[in-house]
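Undergrad: coords below, sequence missing:
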């Protein structure tokens, strides 16, 4: 007979048969309108659980003492299921795929921080959120497990078709005609999915290590040129000359439609009327290059200063190999003289300190670069008031140059140099250009170019690595290609000083006349 109580939460308690050891019983909950519930204590984890009992059709047992038999039947089925889970090492409560994704995103969002190397940035969180969305769409696809699938019931091979599904649902190609998404993108998504299962489902006890799904790996081709697009020597000369002579001066050799304006005709000599070598230009910064005495636009003058600043940033990146993120955060206090050099050499070379909070690797390092002239030119433009000022700051607001100014400025230089043309999708709100060679040229390309040219000049690989804060392994995999035919001169270095040790005389027997 059920033990009744006129007051309290537990009404009409009845212990389950075989459940006394685990303190399992049914009762009517006085705080839930007298509904029959199951109380279960998991002695493995010492956790208490209460479940409202109901039929598969959603109906509840009679919320009076007369419904005890119906409640005991439902409770016995539930108790057997709970005991089975605890014996397998699973938690009593289950976790669905959608719930796991939401918990993971909630935790990642709390990690967003503006302090360097203490959490993640908002951009990183957006990337993680998009990766989770792709995984959720994969689960919801036709024939997929579904978002309501419990993680402990997910097949270990459930992700085998993920790469094929992502490629089939994306018909886009990159500028080089390669299929998207790239293998590196897929591996990033696999890494996030692996973290999600380990840090949520496994750590919180919803699955065991044996139940972790097998996370595949997308094979990355050896040719990763899309990550290392560098400029050739000819392309660099073409870009630098066009940016210095035309773009920084507010002029362009192309009309509004991107067509070349041509060259001025010769007015004298036997070739009169033919094209000269002097190009026709137009003013594309109105209010700067006007006649003397006319009113000039402050906004256009600031834009011209910004163009010169970006040109100098390009030169500094090209001649130092510094990462663009570190360059954008550089302050005047990070610049120092190299007192080991002569006075004349100090006018060319200087030392640049890159703090740990400004680096991708989180390591402090110092580099030497011939950028002293560019820094003096930049100082005359920005006129810094204190050493803590940024090198590249907006001349109107005093804040750091926006990402849009950096991106649009590089695209305009590429178009002006003839290395790219404006895309059909280009607009003032979102500038887009297509590079003729199909390369993906960004601000990072100047770093890649510096590394490539430094190795070609014969700079020791260890010096290159330390000056640009990267590893020898990365340089060997992506930049340096050993050629034994061209290595003779380098391998001969110092051999004359070691003639006795490296010669063949030690092989001769002094007691035998070899002659």
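TA: Thanks, I have the structure now. Remember, it's a predicted structure, so these values are computed and weren't measured experimentally.

Undergrad: hey, let's count contacts and neighbours off CA atoms from now on
TA: Noted.

Undergrad: how far away is the residue nearest the centre of the chain from residue 112?
TA: Nearest residue to the geometric centre of the chain (C-alpha atoms, centre = their mean): residue 124, 7.2 Å. Separation of residue 124 from residue 112 (C-alpha to C-alpha, to the nearest Å): 9 Å.

Undergrad: that's a strand at the residue nearest to the centre of the chain, yeah?
TA: No - assignment of residue 124 by DSSP: H, G, I helix; E, B strand; the rest coil gives helix, placing it outside any strand.

Undergrad: for stretch 315-325, how far is the first residue from the last?
TA: First residue to last in stretch 315-325 (C-alpha to C-alpha) measures 15 Å.

Undergrad: and for stretch 38-56?
TA: Rule used - C-alpha to C-alpha; the end-to-end distance of stretch 38-56 is 16 Å.

Undergrad: buried ones in it?
TA: 38-42, 52-54 (16 or more other C-alpha atoms under 10 Å).

Undergrad: max pairwise distance over those residues: which two?
TA: 42 and 54 (21.2 Å; C-alpha to C-alpha).

Undergrad: wasn't residue 264 part of a helix?
TA: No - going by three-state DSSP, the assignment for residue 264 is strand, not a helix.

Undergrad: how many neighbours does it have?
TA: Other residues within reach of residue 264, judged by other C-alpha atoms under 10 Å, total 15.

Undergrad: check whether it really touches residue 279, as I assumed.
TA: Yes - contact between residue 264 and residue 279 holds when scored by C-alpha atoms under 8 Å: they sit 6.0 Å apart.

Undergrad: what's the first-to-last distance across stretch 206-216?
TA: The first residue of stretch 206-216 is 22 Å away from its last residue (C-alpha to C-alpha).

Undergrad: sorry, slip of the keys, the one I care about is stretch 338-352.
TA: End-to-end distance (C-alpha to C-alpha), stretch 338-352: 10 Å.

Undergrad: which residues touch that stretch?
TA: 334-337, 366-373 (C-alpha atoms under 8 Å, 6 or more residues apart in numbering).

Undergrad: could I get the buried residue list for that stretch?
TA: Of all the residues in stretch 338-352, those buried under the rule 16+ other C-alpha under 10 Å are 338, 346-347, 349-352.

Undergrad: now do it, average pLDDT.
TA: On average, the pLDDT along stretch 338-352 is 94.

Undergrad: please compute how far it lies from its chain's middle.
TA: Distance of stretch 338-352 from its chain centroid, counting by C-alpha atoms, centre = their mean, to the nearest Å, is 35 Å.

Undergrad: cool, and stretch 162-170?
TA: That offset, for stretch 162-170, works out to 21 Å (C-alpha atoms, centre = their mean).

Undergrad: that one: which residues count as buried?
TA: Result for stretch 162-170 [16+ other C-alpha under 10 Å]: buried residues 162-163, 166.

Undergrad: ok, now stretch 455-462?
TA: In terms of neighbour count (16+ other C-alpha under 10 Å), stretch 455-462 has its buried residues at 455, 461.

Undergrad: end-to-end on that stretch?
TA: Stretch 455-462 stretches 10 Å from its first residue to its last (C-alpha to C-alpha).

Undergrad: same question for stretch 195-206.
TA: 14 Å.

Undergrad: average pLDDT for stretch 76-90?
TA: In the prediction, stretch 76-90 has an average pLDDT of 77.

Undergrad: list the buried residues for that stretch?
TA: Buried, per 16+ other C-alpha under 10 Å, within stretch 76-90: 76, 79, 82-83, 90.

Undergrad: quick one: low-confidence ranges for the stretch 401-515 of the chain?
TA: In the predicted model, the stretch 401-515 of the chain carries pLDDT under 70 at residues 480-487, 489-515.

Undergrad: tell me which element residue 367 falls in.
TA: Per DSSP states H and E: residue 367 is located in strand 365-369.

Undergrad: ok, now residue 131?
TA: With DSSP H and E as the test, residue 131 turns up in helix 122-140.

Undergrad: for residue 448, same thing?
TA: helix 444-456.

Undergrad: from the middle of its chain, how far away would the next helix or strand after that helix be?
TA: Downstream of helix 444-456, the next assigned helix or strand under DSSP H and E is helix 461-468. Relative to its chain's centre, helix 461-468 lies at 23 Å (C-alpha atoms, centre = their mean).

Undergrad: the helix or strand hosting residue 70: what's the following helix or strand?
TA: In this structure, residue 70 is located in helix 68-87 according to DSSP H and E. Per DSSP H and E, helix 68-87 leads on to helix 97-110 as the next helix or strand towards the C-terminus.

Undergrad: how big is the angle separating that next one from helix 122-140?
TA: Inter-element angle recorded for helix 97-110 and helix 122-140: 180 degrees (by axes from the mean of the first three to the mean of the last three C-alpha atoms, to 10 degrees).

Undergrad: name the helices or strands packed onto helix 97-110?
TA: Here helix 97-110 touches helix 122-140, helix 183-196, going by 3 or more C-alpha pairs under 8 Å, 6 or more residues apart in numbering; DSSP states H and E.

Undergrad: give the buried residues for the longest one.
TA: So that's helix 122-140. Result for helix 122-140 [16+ other C-alpha under 10 Å]: buried residues 125, 128-129, 131-132, 135-136, 138-140.

Undergrad: same check on stretch 423-431?
TA: residue 431.

Undergrad: which outside residues touch that stretch?
TA: 408, 411, 422, 432-434.

Undergrad: and which of the residues you listed is nearest to residue 11?
TA: Closest approach between these and residue 11, by C-alpha to C-alpha: residue 432, at 71.1 Å.
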